[in-house]
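[1] dropping the sequence and predicted coords here.
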Amino acid sequence: MKQTLNTNLYTKHPQALERAQDIQLLILDVDGVLTDGSLFISPDGVEHLKVFDSLDGHGLKMLISKGIQVAIITGRNSSMVQMRAQALGIEHVLMGVDDKKSAFLKLLAQLKLQSKDCAAMGDDWPDLAVLTQVRFAVAPANAHLEVQQIAHYVCSKQGGSGAVREICDLILMAQNHYQDLLADAKK
């Protein structure tokens, strides 16, 4: 069966496309956004495994190829996150962050951006302080209800299962890059 992008998913949300038009930075949480939120921790307290979605990764690479920066702000420290970010070309990785809003504001100053230039995707209460600051707040389908209620867009996909790719595709469409990238892929 041939699979095609459900562009109707995005056209049903014209305000999301409008909010995504000028995004220069996408900020992501990790657990529950880039992963499904599962934590595999050994009896000695060491986290042993994180599972990332390859479609999400390709979407992030496409954003970066079009000059849209990507940052990770997460409360956990993880060598797996660092390795994945490096493999994808994500330069801004802030781990072990207790105060995500302060980290966000410092990142904006460093990049000389404003909150209106940013989109962010989070799934739980620790992400609310950033999500309420950005122009385009996004939640995966399995995000906590409080996060979904403030989000400008709730993905049809769950965290770790294509939600990040969904928002990457939406941003690429809003900025008129999607069709060019698709045409290049078909060459």
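    Good, I have the coordinates.
[2] OK, contacts around the residue nearest in space to the middle of the chain?
    Compute the mean C-alpha point of the chain, and by CA atoms, centre = their mean the closest residue is residue 28, 4.1 Å away. Neighbouring residues of residue 28 by CB atoms under 8 Å, 6 or more residues apart in numbering: 34, 70, 71, 72, 73, 120, 121, 122, 164. The C-beta positions use only the backbone N, C-alpha and C, and glycine is treated the same way.
[3] quick one: low-confidence ranges for the protein?
    Low-confidence regions of the chain, defined by pLDDT under 70, span residues 1-12, 47.
[4] for it, which segments count as helices?
    Along the chain, the segments classed as helices by DSSP state H run 7-11, 14-20, 54-65, 79-88, 100-111, 128-131, 145-150, 163-174, 178-185.
[5] which helices and strands does the fifth one pack with?
    In terms of contacts (3 or more CB pairs under 8 Å, 6 or more residues apart in numbering; DSSP states H and E), helix 100-111 is packed against strand 25-28, strand 69-73, strand 92-94, helix 128-131.
[6] parallel or antiparallel, list what pairs with the shortest one.
    Paired with strand 92-94 in the same sheet, following DSSP bridges, are strand 69-73 (parallel).
[7] tabulate the CA atom coordinates of stretch 107-126 in PDB.
    What follows is stretch 107-126, C-alpha atoms only, in PDB (Å, rounded to 0.1, in the frame of the first residue of the first chain):
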ATOM      1  CA  LEU A 107      20.000  30.000  24.600                       C
ATOM      2  CA  LEU A 108      18.000  32.800  23.000                       C
ATOM      3  CA  ALA A 109      20.600  35.400  24.100                       C
ATOM      4  CA  GLN A 110      23.400  33.200  22.800                       C
ATOM      5  CA  LEU A 111      21.700  32.700  19.400                       C
ATOM      6  CA  LYS A 112      20.500  36.300  19.300                       C
ATOM      7  CA  LEU A 113      16.900  35.200  18.800                       C
ATOM      8  CA  GLN A 114      13.600  36.100  20.400                       C
ATOM      9  CA  SER A 115      10.900  33.800  21.700                       C
ATOM     10  CA  LYS A 116       8.700  34.700  18.700                       C
ATOM     11  CA  ASP A 117      11.400  32.900  16.600                       C
ATOM     12  CA  CYS A 118      10.900  29.600  18.400                       C
ATOM     13  CA  ALA A 119       8.800  26.500  18.400                       C
ATOM     14  CA  ALA A 120       9.100  24.000  21.300                       C
ATOM     15  CA  MET A 121       7.800  20.500  21.800                       C
ATOM     16  CA  GLY A 122       7.300  19.100  25.300                       C
ATOM     17  CA  ASP A 123       5.100  16.600  27.000                       C
ATOM     18  CA  ASP A 124       4.900  17.300  30.700                       C
ATOM     19  CA  TRP A 125       4.800  20.000  33.400                       C
ATOM     20  CA  PRO A 126       8.600  20.700  33.400                       C
END
